[in-house]
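*Asks:* Any chance you could fold what I've pasted below:
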Amino acid sequence: MATANKEPDMLNHNIDSRAILLHQNTQTNSVEITSHDIIALPHKGQGRMNYTLGAGQVFGHEQKQEFCDILLNEREQQGLNLLPDHLLAKTPYALVWWMPPQVRELSFMDKKGSPITFTLKVPGVVAAMCRGTLYFAAFKGAKRPSADTPLYRVPLPNLIGDFKFCMGNCTVPRDAAEAHIPAWEAFLWESRNNHLGREPLKGISSLDDYLDLLGRFDGTKRFPTAKLVATDATLGRFLNALERQG
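*Replies:* Below is the predicted model:
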């Protein structure tokens, strides 16, 4: 039984109040939400009121989404809105967008510690921020990717997985807000990479080989897309994996 020793202003006969409880499984980290009536206990005289909670009603998936929207202040007063063209998916905890192929200046550090810069037409990229983690994947073509679009590793050094990069001493915003997209893209394109990490392109096993290959395409507005490293994911599978994190 839960009781209150002092009656807050919001608990009185003029206001309909409910209590929300969060229940986390310490082994699986799954979270359930229940909603409860707040019930005034019988009392006599003019003394303080005491309260208890009624039986709980478990939130379904849609109720959880609505609750998160309210907490994050993301409920739109104007009603439903179309996603901007660059966005692929959006939830309270994740944001997924895409970048078309573009000409970029990419900077690296060679083994001697000297900076080197190439101007290249890089492939299109799918990017995501989900629960504080950044993900990037490359794709072929110039059109907006669909669920069936195959995903490849982004052909840059410092990869620690198919879709994640070593952050080093970089700090980036962790909440899934559109306003942070420029900062996340700057991390991807403007970081000065200094070690190879996982194989960024087929047949590349050293930073010297990587820089030599890119040097052949410097200033040509082309890229060796035939050497992109395939993953076992499509955009649809990628989104499903992110959704399971929710």
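*Asks:* Give the closest residue to Lys90 in space, chain neighbours not counted.
*Replies:* Leu83 (6.4 Å; CB to CB, 6 or more residues apart in numbering). Bear in mind the C-beta positions are built from the backbone N, C-alpha and C, glycine included.
*Asks:* So that neighbour belongs to a helix, correct?
*Replies:* No: Leu83: not assigned to a helix; according to DSSP: H, G, I helix; E, B strand; the rest coil it is coil.
*Asks:* and stretch 86-103, which residues are buried?
*Replies:* Buried residues in stretch 86-103, defined by neighbour count with 16 or more other CB atoms under 10 Å: Leu88, Ala89, Thr91, Pro92, Tyr93, Ala94, Leu95, Val96, Trp97, Trp98, Met99, Pro101.
*Asks:* and which of those residues is nearest to Asn194?
*Replies:* Proximity of these to Asn194 (CB to CB) peaks at Met99, which lies at 23.4 Å.
*Asks:* Could you report the distance from that closest one to Pro42?
*Replies:* Counting by CB to CB, to the nearest Å, the gap from Met99 to Pro42 is 64 Å.
*Asks:* returning to what we had before: gap between the residue nearest to Lys90 and Leu95?
*Replies:* The gap separating Leu83 from Leu95 is 10 Å, by CB to CB.
*Asks:* what residues are shared contacts of the two?
*Replies:* Jointly contacting Leu83 and Leu95 under the rule CB atoms under 8 Å, 6 or more residues apart in numbering are Ala89.
*Asks:* Helix or strand with the lowest mean pLDDT in this protein?
*Replies:* helix 61-71 (a mean of 67; mean pLDDT, DSSP states H and E).
*Asks:* which neighbours does the helix or strand that it is followed by have in its sheet, and in what orientation?
*Replies:* The helix or strand immediately downstream of helix 61-71 is strand 87-90, counting by DSSP states H and E. Partners of strand 87-90 in the sheet, by DSSP bridges, are strand 94-99 (antiparallel).
*Asks:* Would you mind confirming that Pro173 is in contact with His180?
*Replies:* Yes: the pair Pro173 / His180 is scored as a contact, 3.9 Å apart, by CB atoms under 8 Å.
*Asks:* Identify the contacts common to the two.
*Replies:* Met129.
*Asks:* Counting by contacts, list what the longest strand along the chain packs against.
*Replies:* Longest strand in the chain by number of residues (criterion: DSSP state E): strand 31-40. If contacts are counted by 3 or more CB pairs under 8 Å, 6 or more residues apart in numbering; DSSP states H and E, strand 31-40 sits against strand 18-24, strand 51-58, helix 61-71.
*Asks:* so where's this protein uncertain?
*Replies:* Along the chain, segments meeting pLDDT under 70 span 1-16, 28-29, 43-48, 62, 65-66, 68-81, 246.
*Asks:* what does stretch 88-103 contact?
*Replies:* Applying CB under 8 Å, 6+ apart, the external contacts of stretch 88-103 come out as 65, 68-69, 71-72, 74, 83, 86-87, 119-131, 139, 142, 144-145, 176-178, 181, 185, 221, 223, 235, 239, 242-243, 245-246.
*Asks:* re the thing from before, would you turn the helices and strands packed on strand 31-40 into CSV with distance to Gly161 and mean neighbour count?
*Replies:* Formatted as CSV, the helices and strands packed on strand 31-40 follow (distance: least, CB to CB, whole Å; neighbours: other CB atoms under 10 Å):
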stretch, distance to Gly161, mean neighbour count
strand 18-24, 27, 11
strand 51-58, 35, 14
helix 61-71, 27, 13
